[in-house]
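A.B. asks: next comes the sequence, and after it the predicted model I'd like to discuss.
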Amino acid sequence: MEKQSTVEQPIGKGGFLERYFKLSQHGTSVKNELIGGITTFATMAYIIFVNPNIMSASGMDPGALFVATCIGAAIGTLMMGLFANWPVGLAPGMG
């Protein structure tokens, strides 16, 4: 019976974000991911205001559309980050 060699990282090394997202294996760091997240938010923030204005032309309540746009973007982005482990921001409507 052959012994398989595996390299195990200690549990305390790098913290939760490093272990869960395998940041060093992807060649990034928490700092780089935070900068990327802020940049993505800044480039996508317009959708929060533009999408409800476009859709309100159909007679729907702009306030409700604003909330729905925010919730849709948050859920889509969280699912891509947490389940797919892929750092992509998703915004509804304008695609």
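C.D. replies: Good, I have the coordinates.

A.B. asks: name all residues that make contact with the residue nearest to the spatial centre of the chain.
C.D. replies: Nearest to the geometric centre of the chain sits residue 77, at 3.9 Å (C-alpha atoms, centre = their mean). Going by C-beta atoms under 8 Å, 6 or more residues apart in numbering, residue 77 touches 88, 89, 90. Heads up, the C-betas are built off the backbone N, CA and C, glycines and all.

A.B. asks: pLDDT, distance to residue 39 and secondary structure added to those residues, as CSV?
C.D. replies: Converted to CSV, these look like this (pLDDT from 0 to 100; distance: C-beta to C-beta, whole Å; DSSP: H, G, I helix; E, B strand; the rest coil):
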residue, pLDDT, distance to residue 39, secondary structure
88, 80, 13, coil
89, 80, 10, coil
90, 80, 15, coil
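
A.B. asks: only the buried subset of those, as a ChimeraX command please.
C.D. replies: One line in ChimeraX is enough to select the buried ones among those; burial here means 16 or more other C-beta atoms under 10 Å:
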select :89,90
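
A.B. asks: now, which of the contacts of residue 77 sits nearest residue 41?
C.D. replies: residue 89 (7.3 Å; C-beta to C-beta).

A.B. asks: my read: the closest one touches residue 39, true?
C.D. replies: No. Residue 89 is beyond contact range of residue 39, at 9.6 Å (criterion: C-beta atoms under 8 Å).

A.B. asks: what residues does stretch 62-72 touch?
C.D. replies: Here stretch 62-72 has contacts from 47, 48, 49, 51, 52, 53, 55, 56, 91, 92, 93, using C-beta under 8 Å, 6+ apart.

A.B. asks: buried residues, the helix or strand where residue 77 lies. List them.
C.D. replies: Applying DSSP states H and E as the criterion places residue 77 in helix 62-82. Neighbour-count burial for helix 62-82, counted by 16+ other C-beta under 10 Å, picks out 65, 66, 68, 69, 70, 72, 73, 77, 81.

A.B. asks: as a markdown table, these with pLDDT would be great.
C.D. replies: A markdown table is the format used below for those (pLDDT from 0 to 100):
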| residue | pLDDT |
| --- | --- |
| 65 | 92 |
| 66 | 92 |
| 68 | 90 |
| 69 | 88 |
| 70 | 88 |
| 72 | 88 |
| 73 | 86 |
| 77 | 85 |
| 81 | 84 |
